[in-house]
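> the following block contains a protein sequence and its predicted model.
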Amino acid sequence: MLRDLLFADDCALVAHTPAELQLLFDRFFNAAKQFGLTISLKKTEAMCQSHPPSQTASVRITAGDDTVLKSVDKFCYLGSFLSNTISVDSDIASHLAKAGCAFGKLQKRSWGVHNISRETQVAMYQAIVITILLYGCETWTLYRRSIRRLDQFHLHCLNRIAGIKWLVRVTNTDVLYMRGTMGNEAFLLIAQLRRVGHVMRMPDSGIPKQIFCGVWTTCSW
């Protein structure tokens, strides 16, 4: 059973019940202490994903000195927001803000420079802004409203690059054709299919492949 997710100096503990999570955290806390390591309790948070999903779900986890960990409804892990309602709305909102900031910073250096070709500008936009916008999208489960938000931002940026005013009536299809690019949904599908291909090429013993294919083995110790 998958119990912990490790990356550099970060660790995410996963359990089915609050009691199991408390036991896992106590063991991790004590093991770290034996090696002279200290867990930053100010940065450590607990989140409960209830069924059915509830925004008010909470969990009480205490550390070795009876410090109660902060219970949250969402937290940022490896640049992506995880929510207790399993919604990607917070993650998308964060990515839209970051991508919008990156787009704005390039206004005077790229989009507003007339001696840079449109092809180069669009290539820069896809390499920088789209990459920020769709970071981690391989694992997103999206509703149509979320795709519309991403597409609105995408088309707004392309209109700014092309210098098309909002009063000018140009269809979205024409904007994409004139800039020689595609819609955000196509970028999403390409990224997700690329990730699926990467997972399926893994050995059968790989955890990502076992989770993706719904195959799991248990061992008794």
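That came through, no problem. Numbers count the residues shown, from 1 in each chain.

> so which residue is smack in the middle of this structure?
By Cα atoms, centre = their mean, the chain has its centre lying nearest to Ser80, at 3.4 Å.

> which strand residues bridge that one?
Tyr77 (DSSP bridges).

> my guess is it contacts Glu138. True?
No. At 10.6 Å, Ser80 does not count as touching Glu138 under the criterion of Cβ atoms under 8 Å. All C-beta spots, glycine's among them, are computed from the backbone N, C-alpha and C.

> which ones are touching Gly136?
Neighbouring residues of Gly136 by Cβ atoms under 8 Å, 6 or more residues apart in numbering: 78-80, 91.

> got the contact list for the helix of greatest length in the chain?
Ordering each helix of the chain by length in residues (DSSP state H) puts helix 144-162 first. Residues outside helix 144-162 that contact it (Cβ under 8 Å, 6+ apart): 88-89, 92, 96, 99-100, 103, 107, 111, 118, 121-122, 125, 129-130, 133-134, 140, 166, 170, 172, 175-176, 178-179, 181, 183-185, 188.

> quick one: end-to-end length of stretch 5-14, please.
In stretch 5-14, first residue to last residue: 8 Å (Cα to Cα, to the nearest Å).

> all strands for the protein, in order.
Taking DSSP state E as the criterion, the chain contains strands spanning 4-7, 10-13, 45-46, 70-71, 74-77, 80-83.

> report the contact partners of Gln121.
110-111, 161.

> again but with Gln192, I slipped
Here Gln192 is in contact with 137-138, 140 (criterion: Cβ under 8 Å, 6+ apart).

> okay, domains of this structure per the record?
Domains of the chain are assigned by automatic domain parsing as 4-73, 89-200.

> tell me where this protein has helices.
Using DSSP H, helices in the chain cover 18-34, 89-105, 118-125, 131-133, 144-162, 172-179, 184-200, 207-213.

> how about a markdown table for the ones you listed, with distance to Glu45 and mean pLDDT added?
Formatted as a markdown table, the helices of the chain follow (distance: least, Cβ to Cβ, whole Å; pLDDT from 0 to 100):
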| stretch | distance to Glu45 | mean pLDDT |
| --- | --- | --- |
| helix 18-34 | 12 | 89 |
| helix 89-105 | 14 | 92 |
| helix 118-125 | 35 | 89 |
| helix 131-133 | 24 | 93 |
| helix 144-162 | 25 | 90 |
| helix 172-179 | 40 | 76 |
| helix 184-200 | 27 | 90 |
| helix 207-213 | 23 | 82 |
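
> run a quick neighbour tally on Leu21.
Residues lying near Leu21 (other Cβ atoms under 10 Å) number 20.

> from Asp204, how far out is it?
With distances taken as Cβ to Cβ, to the nearest Å, Leu21 is found 29 Å from Asp204.

> swap in Cys101?
Applying Cβ to Cβ, the value for Cys101 to Asp204 is 42 Å.

> what does Leu188 give?
28 Å.

> more crowded one of those two?
Neighbour totals were compared for Leu188 and Asp204, and Leu188 leads with 19 against 8 (other Cβ under 10 Å).
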